[in-house]
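Asks: When you get a sec, could you give me coordinates for this:
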Amino acid sequence: MKSFFQFLFENASQQAARLGLKGDGHGGWYDNKGEFVAKTEKGSLKFYNKRQRVGQQDPPSTDKEKKLSQTTYEKQPTQEPTQQKAAAPEQPAAQDAPAQEGPPPVEKTKGTLTVTFGRFNPPTTGHEKLLDKVAASSDEGDYIIVPSRSQNKKKNPLDPDTKVSVMRQMYPSHSEKIVNDPANRTIFDVLKKAHNDGYTNVRIVGGGDRVQEFERLSNDYNGKLYAFDNVEVLSAGDRDPDAEGTEGMSASKQRKAAAEGDFAAFRKGIPSTMNSKQTKDLYNTLRAAMEIKEGWNMWEIAPKFDWKSLRENFIKKKVYAVGSIVENLNTGLVGKIIRRGTNYLICVTEDNIMFKSWIKDVSEDITNNDAPSGVPADQRLVGTDAHRKYVEKMVPGSEWGKQFINKYRKK
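Replies: All right, here's what the predicted structure looks like:
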């Protein structure tokens with residue numbers, strides 16, 4: 001059976017055939033009862049509810065329908081034909097045609113949720129500016145701060161529970177808004193939950209260098225994974241890594257200070273809400289998690305401070321090979337590399353969500369403390385989907401993502 005995302009990428013005729021629909025030759029599609037259900041727009045099917053009346057004005061929406069993320073259905077009254085025609089033979093529905101999927105219909109009882117999603121690894125004075133921007137941009141204080149769940153010793157040394165605990169200490173005015181939920185692995189998980197919670201709109205706040213990425217992804221999948229009337233993306237401002245104080249502070253600079261054993265520099269990046277002992281404890285915890293040893297590489301720990309070495313290793317194909325699994329550190333998306341660019345990667349998740357990442361924004365060393373390892377005990381039989389997906393994650397060149405390869409192949 002084809003997945004939902006494979007279904008999305010089919011053209012209109014293929015989708016219609018799978019759903020057993022019959023065309024009128026002018027872009028309209030009818031079910032086996034002769035009811036108008038969809039039409040072709042930009043090469044894909046656009047579905048309508050059964051209250052759509054061909055050649056007439058659609059009936060007005062009810063108050064209840066206006067509050068739903070998807071329209072309810074009402075049986076359309078049939079018109080008597082002026083001349084009796086021979087009934088066309090019923091077309092058998094495709095055996096494997098799935099029910100129409102997408103975001104579940106939810107009553108929209110809430111307004112706009114303001115969100116920020118990020119690594120915060122470790123949290124700094126620079127992040128405090130971001131959180132203040134989130135709060136100030138929210139409607140009546142309705143906002144959440146969602147730290148990512150990924151962990152690895154190079155770019156994400158603190159585990160999620162430790163990170164959240166430190167953030168609540170560091171930013172007491174925002175502590176109740178910091179979410180510690182294992183289900184929030186990606187920005188999409190956060191948006192789907194907001195949809196299911198009944199929010200009408202969502203506002204995403206991020207660093208200036210991440211706005212374009214969040215804007216493209218979040219709007220591309222609106223109506224497919226979640227449904228909002230409006231998805232807005234705001235910038236919390238650009239950072240200058242060479243600047244002093246809050247403007248130049250970043251998690252990369254803090255990891256660099258910890259790796260170099262420079263506690264004085266590390267202390268400058270911690271808000272005054274943390275005393276010296278708490279700061280020293282965080283510093284030691286960070287160093288232990290990073291497993292600092294002889295021969296460590298700055299380009300792996302804080303690539304923005306050694307971009308040249310990262311680029312050289314990328315060109316020599318020592319990192320980020322086609323077929324490798326990487327995580328986008330800004331969105332939490334995990335995908336297989338299907339193409340290497342000059343300094344970027346094209347990747348596809350196992351759910352066929354395609355994303356582009358700069359090489360400085362991804363990690364091959366993926367560890368997630370909340371994720372179960374291997375295959376569940378009741379799904380270990382060879383031939384099951386669970387076993388196939390598990391094996392594909394470990395085997396470069398497997399089927400996952402292949403449908404995109406020719407499309408983005410170098411000419």
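Asks: rest of the way, CA atoms for contacts and neighbours
Replies: Fine.
Asks: quick one, strands of the chain?
Replies: Ranges of strands within the chain are 22-23, 28-30, 36-41, 44-47, 110-118, 143-147, 199-206, 230-235, 325-328, 334-340, 344-348, 354-358, 362-363, based on DSSP state E.
Asks: To residue 179, which of those lies closest?
Replies: Set against residue 179 and scored by Cα to Cα, these come closest in strand 143-147, at 5.3 Å.
Asks: quick one, helices of the stretch 1-150 of the chain?
Replies: Using DSSP state H, counting those that start in this stretch, the helices of the stretch 1-150 of the chain run over 4-8, 12-18, 63-66, 125-137.
Asks: List the neighbours of the longest one that are in contact with it.
Replies: Outside of helix 125-137, the residues within contact range by Cα atoms under 8 Å, 6 or more residues apart in numbering are 114-116, 120, 141-143, 145, 171, 174, 205-207, 236, 246-250, 269-271.
Asks: list the buried ones in it?
Replies: 125, 126, 127, 128, 130, 131, 133, 134, 135, 137 (16 or more other Cα atoms under 10 Å).
Asks: The strands of the chain: which one's closest to residue 182?
Replies: So among the strands of the chain, strand 143-147 is nearest, using Cα to Cα, at 10.1 Å.
Asks: Relative to residue 163, which of the buried residues of helix 125-137 is nearest.
Replies: residue 127 (12.8 Å).
Asks: Distance check, that closest one against residue 337.
Replies: 30 Å (Cα to Cα, to the nearest Å).
Asks: buried subset of the contacts of helix 125-137?
Replies: 114-116, 120, 142-143, 145, 171, 174, 205-207, 236, 246-250, 269-271.
Asks: avg pLDDT for stretch 156-167?
Replies: Across stretch 156-167, the average pLDDT comes to 95.
Asks: what's the answer for stretch 300-319, then?
Replies: 92.
Asks: neighbouring contacts of it?
Replies: 154, 155, 252, 253, 255, 256, 298, 299, 320, 343, 360.
Asks: again with stretch 288-296
Replies: Identification of contacts with stretch 288-296 by Cα under 8 Å, 6+ apart yields 153, 154, 157, 158, 259.
Asks: count of neighbours near the residue lying closest to residue 47 once chain neighbours are set aside?
Replies: Closest residue to residue 47 in three dimensions, ignoring its sequence neighbours and counting by Cα to Cα, 6 or more residues apart in numbering: residue 38, at 4.2 Å. Counted with other Cα atoms under 10 Å, the neighbours of residue 38 add up to 23.
Asks: Tell me how far residue 38 lies from residue 104.
Replies: On the measure of Cα to Cα, residue 38 and residue 104 end up 19 Å apart.
Asks: since we're on residue 260, how many residues are nearby?
Replies: Quick note: residue 260 (other Cα under 10 Å) scores 14 neighbours.
Asks: got the phi/psi numbers for it?
Replies: Backbone torsions of residue 260, given as degrees, to the nearest 10, read phi -90, psi 0.
Asks: And residue 138, by the same measure?
Replies: The phi/psi pair for residue 138 (degrees, to the nearest 10) is phi -80, psi 160.
Asks: residue contacts, it?
Replies: Counted by Cα under 8 Å, 6+ apart, residue 138 has contacts 112, 113, 114.
Asks: ok, 6 Å please
Replies: residue 114 (Cα atoms under 6 Å, 6 or more residues apart in numbering).
Asks: Next one: it relative to residue 246, how far apart?
Replies: According to Cα to Cα, residue 138 stands 22 Å off from residue 246.
Asks: now swap in residue 47 and tell me
Replies: The span separating residue 47 from residue 246 equals 50 Å under the rule Cα to Cα.
Asks: and the longest helix for this protein?
Replies: helix 276-290 (DSSP state H).
Asks: Now do that helix, average pLDDT.
Replies: In this model, helix 276-290 has a mean pLDDT of 95.
Asks: Alpha carbons of stretch 225-238, as CSV, please.
Replies: Listed next in CSV are the C-alpha coordinates belonging to stretch 225-238 (Å, rounded to 0.1, in the frame of the first residue of the first chain):
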residue,chain,number,x,y,z
LEU,A,225,0.0,17.6,8.4
TYR,A,226,-2.0,20.4,10.3
ALA,A,227,-4.4,23.1,9.3
PHE,A,228,-4.2,26.7,10.4
ASP,A,229,-5.8,29.8,8.9
ASN,A,230,-2.4,31.5,9.1
VAL,A,231,1.2,30.4,9.8
GLU,A,232,3.4,33.4,10.6
VAL,A,233,7.2,33.3,11.1
LEU,A,234,9.0,36.1,12.9
SER,A,235,12.7,36.9,13.3
ALA,A,236,14.1,37.4,16.8
GLY,A,237,17.0,39.3,15.2
ASP,A,238,20.3,38.4,13.6
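Asks: Outside of that stretch itself, which residues are in contact with it?
Replies: 69, 102-103, 130, 192, 195, 200-208, 215.
Asks: try 8 Å
Replies: Residues contacting stretch 225-238 (Cα under 8 Å, 6+ apart): 69, 102-104, 129-130, 133-134, 188, 191-192, 195, 199-209, 211, 214-215, 218-219, 222.
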